[in-house]
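# I would like the atomic coordinates for the input below:
(chains A, B, C and D)
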2 protein chains.
Amino acid sequence: MLTIFARCKVHYDGRAKSELGSGDRVIIVKPDGSFLIHQSKKREPVNWQPPGSRVRLELRENPVLVSIRRKPKETLEVELEEVYMVSVFRAEDYEELTLTGSEAEMAELIFENPEVIEPGFKPLFREKTIKSGIVDILGRDSNGNIVVLELKRRRAELHAVRQLKSYVEILKEEYGDKVRGILVAPSLTSGAKRLLEKEGLEFRKLEPPKKKGKTKGKQKTLF
Amino acid sequence: MLTIFARCKVHYDGRAKSELGSGDRVIIVKPDGSFLIHQSKKREPVNWQPPGSRVRLELRENPVLVSIRRKPKETLEVELEEVYMVSVFRAEDYEELTLTGSEAEMAELIFENPEVIEPGFKPLFREKTIKSGIVDILGRDSNGNIVVLELKRRRAELHAVRQLKSYVEILKEEYGDKVRGILVAPSLTSGAKRLLEKEGLEFRKLEPPKKKGKTKGKQKTLF
DNA sequence: GATTCGATATCGAAT
DNA sequence: ATTCGATGTCGAATC
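Here you go, the predicted structure:
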C-alpha cells in the first residue's frame, strides 16, 4: 500500500465528473488498484477509484497520479503540488472479517425456528426468484396460504414495504388471494407502518441475532 | 489526521458485531472522529467509525485504540500488536468538491427544457411529498394528465420501477386514471423493462448532463 | 431526531 | 457480463 500526504488538486471524469481545488489530503493506493483520497472530514473519500483500476505517475509541470478504470471508463487525476510524505507499506494480512447480526442470520434463525414468525409457519425457499425480483423467504402458513417474508436487519423503511408489496402482487397473479406478506424487522418507520397497513400487509418484530462464536466470512481452514 | 501502520486485531460491537484476526492494516483517525481501518484490498474500510465518534488510547497488555459512538452505541477496539509507523498530518484544506452529472442536474434540465420529456410537458413540483414517499418531479401533460417522473442518473433497475409504480398508485387513488408514470434514465435493465411494461408505465431515455463550469457543492465565497 | 432517498454508491451472489 | 438486493451502508435535505 502506497500512502502519500500531499497538497493536491483532483480531477475526475467517468460516471460523473468532479473537480477539487488545492488542499492537503491523504492519498492511498492499494495493490488491487483501489485508490482513495481523504480530506480531514467524513468517513467517505472525497474522490476514489474502485479495485481493478490501473495507476501511473506522469511527470508534467507537477507530478500527476493518473488512475484509469475501463468499463466504465473513468479517469482520476491527482495533481501533486507539494508532497509532504510518501510511504510504502508491505501489509501482510491473511485474515477476513467475521460478522454477525446480518439479514442472512435472521433468515437462518427463521429456518431453524419458524415459530418466531408464527405457529405452524413452514419456510420453503430462500432468495427465491419470481417474475420480477427475489423474495427473501417464501413459505406456507397453517391455513395453506403462501407467505412472503421480507427481512430487514434494521428499522424498516418505505423501501422495504414497496419490495414486499411488489412480491405479494406478483404472487397473487399466480396464486390468487391466498398470499400473505409479512415484513420482518426490529421496527418500522411511521411511513412504512402507514403503507403496510393500507396494503393489508403484516409485521413481525424480530431482531437480527448476534451469535457468540463468529459467523459469516469464510472461516480460515486449519491447513 | 493520524495515520498508523500496524499489525492489529479489531473488535466491533454495535449495530452488528465483528471480529478481525491479526494482520497488517492502515489506520486513519480524522479530527472529526471518523475512524478507518483499511486492508490491502477493496475501496471500503474493513472496519470504521463515522464522524462524531470519540477515540482514546488504552494501555492494556497491548495498546488499544478505542473509538466510541453514542446513538447508536457502537464500540470499535483496535488492539495494536506491532506498530510500524505513526504519523500526524496537519492537513489544511478549504476546498469542497464540485460535481456534475447528478440526478439533481437531470431535474434542473427537465425544468429548463421540459420538451426533453415530451412536447407540452409542464413540470410543476420537485421532490413533492405525497401520502407515502417523495416524487422526483410532478407535472402535467398536454392532455391534462398528471405525470409522475422518477429520475435515475444511471441504468434504472427494478427498484426504480417499484418506486414509480408506488407513486402512481397513490396518486391514482386521489386523481383517478389520469395519472401517468414515466421512468427517466439513460437505460433500463431487462427486469425493469418487463415490470415497467406490465404496469403500463413509460420510459424516456435521458443522460445526466455534465456541465462545463463546475456545478454542485457549495461554491467558495470570496470572503 | 425521524424519515426519505441519492450515490461516481460498493460488494457479493446468482444467472 | 448483467441483474438484483444488502450494507454496521453514508450523507444530505426535509419535516
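# What is the neighbour count of the residue nearest to A:Phe111 when sequence neighbours are not counted?
Distances taken as CB to CB, 6 or more residues apart in numbering or on different chains place A:Pro123 nearest to A:Phe111, at 5.2 Å, with adjacent residues excluded. Any C-beta I mention is one placed from the backbone N, CA and C, and that applies to glycine too. Neighbour count for A:Pro123, taken as other CB atoms under 10 Å in any protein chain shown: 18.
# Might one say that A:Pro123 is in contact with A:Pro114?
Yes: taking contacts as CB atoms under 8 Å, A:Pro123 lies within contact range of A:Pro114: 5.5 Å.
# Next, show the common contact partners of these two.
Residues touching both A:Pro123 and A:Pro114 by CB atoms under 8 Å, 6 or more residues apart in numbering or on different chains: A:Gly139.
# If you count neighbours, what's buried in the helix or strand encompassing A:Met85?
Of the helices and strands defined by DSSP states H and E, A:Met85 is found in strand A:74-88. Neighbour counts over strand A:74-88 (16 or more other CB atoms under 10 Å in any protein chain shown) mark A:74, A:76-80 as buried.
# What of stretch A:28-40?
Quick answer for stretch A:28-40 (16+ other CB under 10 Å): A:28-30, A:33-40.
# Among these, list the two that are farthest apart in space.
Distances among the buried residues of stretch A:28-40 were taken as CB to CB; the most separated pair is A:Gly33 and A:Ser40, at 24.8 Å.
# can you list contacts of the longest helix that chain A contains?
Criterion DSSP state H: the longest helix present in chain A is helix A:158-175. Contact with helix A:158-175 is made by A:130-133, A:135, A:146, A:148, A:150, A:152, A:179-183, A:185, A:189, A:191-192, A:195-196, A:199, A:201, B:132-133, B:162-163, B:165-166, B:195, as judged by CB under 8 Å, 6+ apart.
# and stretch A:193-211, anywhere near DNA strand D?
No: Stretch A:193-211 is not in contact with DNA strand D by CB under 7 Å from any atom of the strand; minimum separation 7.6 Å.
# Could you check how far that stretch is from the centre of its chain?
21 Å (CA atoms, centre = their mean, to the nearest Å).
# for stretch A:76-87, same thing?
31 Å.
# Extract the C-alpha set from it and format it as PDB.
In PDB, the C-alpha atoms belonging to stretch A:76-87 read as follows (Å, rounded to 0.1, in the frame of the first residue of the first chain):
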ATOM      1  CA  LEU A  76      -8.900  10.100 -11.800                       C
ATOM      2  CA  GLU A  77      -6.000  12.600 -11.900                       C
ATOM      3  CA  VAL A  78      -4.300  13.900  -8.800                       C
ATOM      4  CA  GLU A  79      -2.000  16.800  -9.400                       C
ATOM      5  CA  LEU A  80       0.600  16.800  -6.700                       C
ATOM      6  CA  GLU A  81       1.600  20.400  -5.800                       C
ATOM      7  CA  GLU A  82       3.600  19.600  -2.700                       C
ATOM      8  CA  VAL A  83       4.400  16.200  -1.300                       C
ATOM      9  CA  TYR A  84       4.900  16.000   2.400                       C
ATOM     10  CA  MET A  85       5.300  12.300   2.800                       C
ATOM     11  CA  VAL A  86       5.500   9.100   0.700                       C
ATOM     12  CA  SER A  87       5.400   5.700   2.300                       C
END
